[in-house]
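[1] Starting from these lines, generate the structure:
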Amino acid sequence: MTGFELTPTATTSEVREAAELAARHAAAADHARRLPGEVVAGLVAAGFARHFVPLRWGGRAGGFVELLDGVSTVGEGCTSAAWVAAVVAGAARMGVYLPDEGQRELWSAGPDTVIAGALSPSGRATPDVGGWRLTGEWQRVSGVDFADWTLVCASVPRGEHAVARFFAVPRRDYRVRDTWFDLGMRATGSNTLVADGVFVPEHRSVARGDVRRGRAVGSEAPCHTAGLSTIGGTPFAAPVLGAARAAVRAWSARPAGRPAQGAPAPGDNPLVRGVPARAEAKIESAALLLRRVAQTGDDGSGADDEPARAPRDCALATEQLVDVVERLFRSAGCGARAQDDPLQRIWRDVHCAARHVALRLDTAGSAYGGQSPGAV
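    Residues are numbered from 1 along each chain as shown. Next up, the predicted model:
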């Protein structure tokens with residue numbers, strides 16, 4: 001894409017190509033409320049679907065830092081495409097907690113199988129001979145339109161109580177309702193999955209607690225044994241990181257960011273020089289927080305408080321990034337509110353993404369405070 005620049009990171013040429021492709025289609029995808037097929041194919045070709053797939057199934061068993069760099073790079077082109085890349089990678093990681101037979105079936109067509117995830121226990125499952133009967137509706141399932149499989153969470157009976165389990169369901173066994181009409185992240189196609197009495201064999205089911213604790217089956221790779229809270233919300237914060245970097249470029253490219261005829265050059269104008277300087281400093285400080293969490297997931301170097309600290313740091317980093325985009329948008333002038341202006345699309349996207357439960361400082365921060373020394 002002519003004139004499209006990316007922040008230098010240790011990403012592959014396929015990831016950079018996916019980012020450029022996503023950027024070319026970002027505006028149209030936003031209007032269409034879904035990613036075009038070629039962008040989805042680009043994400044798969046860049047390796048996001050296979051990133052966390054175990055080596056024995058042909059995957060990469062990749063790292064969290066690598067994923068942070070890859071997703072944030074795509075986010076510089078399109079926040080929605082980056083979000084889908086993160087969801088596809090993360091959902092595949094969940095597949096390693098299934099029994100062996102379930103994993104074999106999940107990746108029978110190869111490691112590039114596209115998997116989505118519905119993480120809230122919105123449905124219910126009842127025991128049946130050899131498995132479960134699954135019924136329910138799951139809203140806001142990003143990428144569900146083009147997923148080959150979806151891992152959905154449902155409540156199952158256990159005595160007088162209910163517990164949560166994940167169920168791997170192939171595309172042929174569920175319907176998708178077109179319900180995604182949100183303010184931002186429109187191209188994620190986060191529609192509603194509907195299952196009506198679907199039979200799921202036992203080998204395609206796992207307790208949610210096993211996923212949270214990193215109880216992988218058949219793999220000792222760090223990316224599979226890391227507990228869910230240890231990596232915090234890094235996969236979901238990564239698209240916001242890329243979007244904030246794109247917002248700085250969009251702001252700088254605007255006429256409002258250039259001096260009028262006869263005015264000082266940008267290098268001599270403190271107002272023009274100061275806005276992107278402050279924004280870039282806050283972005284990179286947020287990136288350092290996210291990289292620390294991701295590195296901890298890769299090498300297991302976290303302290304005892306890491307399961308609470310990681311979500312807090314990811315939420316704080318996201319809050320900083322939203323603040324950056326908010327300030328850029330407010331300082332860009334009235335033209336930034338135009339329907340086709342890239343800055344307003346980024347502004348909508350980051351505010352929408354930041355509402356994800358994994359990125360909210362009010363919940364993540366309170367969990368950390370409850371474990372801090374001296375906490376009551």
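[2] Assign residue 26 to helix, strand or coil.
    Three-state call for residue 26 (DSSP: H, G, I helix; E, B strand; the rest coil): helix.
[3] I'd guessed it sits against residue 185; true?
    No: between residue 26 and residue 185 there is no contact under Cβ atoms under 8 Å: 11.7 Å. (Glycine included, C-beta is placed from N, CA and C.)
[4] Of these two, give the one with the bigger neighbour count.
    Remark: of residue 26 and residue 185, residue 185 carries more neighbours, 28 against 22, as counted by other Cβ atoms under 10 Å.
[5] Beyond the longest helix that the chain contains, next helix or strand please.
    Of all segments of type helix in the chain, defined using DSSP state H, the longest is helix 270-299. The element immediately downstream of helix 270-299 (helix or strand, assigned by DSSP states H and E) is helix 306-331.
[6] Mind listing what's buried along that following helix?
    Judged by neighbour count using 16 or more other Cβ atoms under 10 Å, the buried positions of helix 306-331 are 306-322, 324-325, 327-329.
[7] which residues do residue 26 and residue 185 both contact?
    Contact criterion Cβ atoms under 8 Å, 6 or more residues apart in numbering; residues bridging residue 26 and residue 185 by contacting each: residue 80.
[8] what's near enough to touch residue 290?
    Contacts of residue 290 (Cβ under 8 Å, 6+ apart): 68, 234, 237, 238, 241, 313, 314, 317.
[9] so the fourth one touches residue 68, yeah?
    Yes: with the criterion set as Cβ under 8 Å, residue 238 and residue 68 qualify as a contacting pair; they are 5.0 Å apart.
[10] So which residues of the chain form helices?
    Using DSSP H, helices in the chain cover 13-32, 37-45, 64-75, 79-94, 100-106, 208-213, 222-225, 234-252, 270-299, 306-331, 342-353, 361-369.
[11] What count of nearby residues applies to residue 148?
    Residue 148 has 16 nearby residues by other Cβ under 10 Å.
[12] hmm, I was thinking of residue 127
    11.
[13] That one bridge partners, please.
    residue 132 (DSSP bridges).
[14] give the contact list for it.
    Neighbours of residue 127 in contact, by Cβ under 8 Å, 6+ apart: 133, 156, 157.
[15] The second one is in contact with residue 128, isn't it?
    No: the pair formed by residue 156 and residue 128 falls short of the contact definition of Cβ under 8 Å, at 11.2 Å.
[16] Comparing these two, which residue is more hemmed in?
    residue 156 (20 against 14).
[17] Which residue or residues pair with the more buried one through a beta bridge?
    Bridge pairing for residue 156 - DSSP bridges - gives residue 163.
[18] Where does pLDDT dip in this structure?
    1-3, 256-273, 301-306, 363-376 (pLDDT under 70).
[19] quick one on the thing from earlier: between residue 238 and residue 68, which one's more packed in?
    Between residue 238 and residue 68, counted using other Cβ under 10 Å, residue 238 has the larger neighbour count: 30 against 27.
[20] Against residue 144, how distant is the closest residue to the more buried one other than its chain neighbours?
    Once flanking residues are discounted, residue 238 sits nearest to residue 71: 3.7 Å by Cβ to Cβ, 6 or more residues apart in numbering. Between residue 71 and residue 144 the computed distance is 19 Å (Cβ to Cβ, to the nearest Å).
[21] So if I had to pick from these two, which one is more boxed in?
    Neighbour count, other Cβ under 10 Å: between residue 71 and residue 144, residue 71 has more, with 33 against 25.
[22] wait, what's in contact with that one?
    48, 82, 85, 86, 89, 235, 238, 239, 242.
[23] Contacts only, for the first one.
    Put plainly, it is residue 48. Taking Cβ under 8 Å, 6+ apart, one finds 70, 71, 85, 86, 88, 89 in contact with residue 48.
[24] hmm, 7 Å instead?
    Residues in contact with residue 48 (Cβ atoms under 7 Å, 6 or more residues apart in numbering) are 70, 85, 88, 89.
[25] do the same with residue 70
    By Cβ under 7 Å, 6+ apart, the neighbours of residue 70 are 11, 15, 46, 48.
[26] Against residue 78, how distant is it?
    14 Å.
[27] from the contacts of residue 71, which is closest to residue 98?
    residue 89 (16.6 Å; Cβ to Cβ).
[28] got the contact list for the closest one?
    Neighbours of residue 89 in contact, by Cβ under 7 Å, 6+ apart: 48, 51, 52, 67, 235.
[29] one more time with 6 Å
    Residues counted as contacts of residue 89 (Cβ atoms under 6 Å, 6 or more residues apart in numbering) are 48, 51, 52, 67.
[30] And the residues you listed, which two are furthest apart?
    Longest span within those, Cβ to Cβ: 48 and 52, 9.3 Å.
[31] hmm, who's touching stretch 221-234?
    52, 61, 64, 68, 96, 212-214, 216, 290, 293-294, 297-298, 306-307, 310-311, 314, 358-359.
[32] same check, this time on stretch 239-259
    Residues contacting stretch 239-259 (Cβ under 6 Å, 6+ apart): 7, 71-72, 75-76, 79, 82-83, 269, 276, 279-280, 283, 287, 318, 321, 324-325, 328, 332-333, 342-343, 346, 349-350, 353.
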